[in-house]
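Enquirer: one predicted model, sequence on top.
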Amino acid sequence: MKKTIIHISLIITTFILYFLQANFFSWFNIAGIMPNLFVILILFIGLFGNRTMGTIYGLIIGILLDLSIGTKIGIYSIGLGLIGFVAAIFDKNFSKDSRMTIMVMVVGATVTFEVLVWLLNYIFVSTNVEILNFIKILAIEVIFNLILTIILYPLIQKSGYYIENEYKESSILTRYF
């Protein structure tokens, strides 16, 4: 029952983030650049859930984004699926208690996602993007994601540990024995 509530909550959170991304941040942006809330969400799901959960949510949300705003189906889903998969690796190697560690993870996930999407667009869609303009956009997006992560960190941590307790029932003993 608790896992069903968690999945329903994550689906509702996804829709709320989509409407925030599409409506609120279209007005509240920095130089026309919006944050990527889905990278933060998938990183959060992968860190506090498990590898399968992070990857599946990344793929599904990526396909929905591909269908709504993408030019080719599969580009966002590959990027977000990879973020969900890598977040589970971060979970085993880094502490989620430190705000600084989470901020470094958000920077790494945002840079990885945007570079991967840019490369896939370059290969499959043949878009030509200027490198300096891309770096400027990437830097502003990273700063924007960091600011939102700092603001939302207490909520992310509290709900994340709830998810972790449900999905990783015996997490401490099995790591050492």
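Expert: Cool, got the structure.

Enquirer: from the chain's centroid, how far away is stretch 92-111?
Expert: 12 Å (Cα atoms, centre = their mean, to the nearest Å).

Enquirer: residue nearest the middle of the chain, spatially speaking?
Expert: Nearest to the mean C-alpha position of the chain, counting by Cα atoms, centre = their mean, stands residue 39 at 2.1 Å.

Enquirer: right, and that one touches residue 83 too?
Expert: Yes - checked against Cβ atoms under 8 Å, the pair residue 39 and residue 83 is within contact range at 6.0 Å. No exception for glycine: its C-beta is placed from N, CA and C like everyone else's.

Enquirer: residues that sit against both of the two, list them.
Expert: Applying Cβ atoms under 8 Å, 6 or more residues apart in numbering, one finds that residue 39 and residue 83 are jointly contacted by 109, 113.

Enquirer: which SSE is immediately downstream of the helix or strand encompassing residue 7?
Expert: According to DSSP states H and E, residue 7 maps onto helix 2-19. Moving toward the C-terminus from helix 2-19, the next helix or strand (DSSP H and E) is helix 25-27.

Enquirer: so how far is that following helix from its chain's centroid?
Expert: The answer for helix 25-27 is 19 Å, by Cα atoms, centre = their mean.

Enquirer: which element follows that helix toward the C-terminus?
Expert: helix 37-48.

Enquirer: residues making contact with that next one?
Expert: Under Cβ under 8 Å, 6+ apart, the answer for helix 37-48 is 10, 13-14, 17, 20-21, 25, 53-55, 57-58, 61, 65, 80, 83-88, 90-91, 96, 105-106, 109-110, 113, 145, 148-149, 152, 156, 159-161, 163-164, 167.

Enquirer: same thing with stretch 105-124?
Expert: Contacts for stretch 105-124 (Cβ under 8 Å, 6+ apart): 36, 39-40, 42-43, 47, 71-72, 74-76, 78-80, 82-83, 86-87, 90, 94, 127-129, 134, 137-138, 141-142, 145-146, 149.

Enquirer: residues near residue 90, how many?
Expert: Residue 90 is flanked by 21 other residues according to other Cβ atoms under 10 Å.

Enquirer: next up, the contacts around it.
Expert: Here residue 90 is in contact with 43, 46, 47, 105 (criterion: Cβ under 8 Å, 6+ apart).

Enquirer: over to it. Which of the three states is it?
Expert: helix (DSSP: H, G, I helix; E, B strand; the rest coil).

Enquirer: go on, the one 5 residues further on?
Expert: Under the three-state scheme (three-state DSSP), residue 95 adopts coil.

Enquirer: please consider this matter closed, and thank you.
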